[in-house]
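*Asks:* 3D, please:
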Amino acid sequence: MTRKPLIILSGEIKTPPFSQEARIEAGYLLGRLQEGMMLEMPHARPMPAIGRRCLELRVKDKSAEWRVMCRVDEDAVLIAHVCSKKTRTTPHDIIEICKKRLVQYDAL
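*Replies:* This next block holds a predicted model:
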């Protein structure tokens, strides 16, 4: 089985601030995307506000709800942003940051 490479445009998934369990879960979910699997709720939510093929991985931790904003391309999985989420909706500034990073990546 061929795995797509993981390209981190911004952010990191490490302990701390992630607990070891949350870091392992995030790695597992990213690995599934790299293998070509499509994830659905409750593990992932589509993010059309960011762009096509974009999604928000949802990782529950002891004291935080982590979000990994990513895009699944034909040849790679891109991480555009990693943050803890404290509200029901994704803040507009985070959506704009992700869009900007992906546009910059596509321009390379």
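*Asks:* For the rest of this, base every contact and every neighbour count on C-alpha atoms.
*Replies:* Will do.
*Asks:* What are the buried residues along stretch 101-108?
*Replies:* For stretch 101-108, the neighbour count (16 or more other CA atoms under 10 Å) marks 101-102 as buried.
*Asks:* ok, now stretch 11-19?
*Replies:* 13, 18-19.
*Asks:* quick one: which of those is nearest residue 44?
*Replies:* residue 13 (16.4 Å; CA to CA).
*Asks:* Does that closest one touch residue 23 like I think?
*Replies:* Yes. With contact defined as CA atoms under 8 Å, residue 13 reaches residue 23; the gap is 6.2 Å.
*Asks:* Tell me where this structure has strands.
*Replies:* Residue ranges of the strands in the chain, as given by DSSP state E, are 6-8, 44-46, 54-60, 65-72, 77-85.
*Asks:* Direction included, what does the first one pair up with?
*Replies:* So that's strand 6-8. Using DSSP bridges, the strands paired with strand 6-8 are strand 77-85 (parallel).
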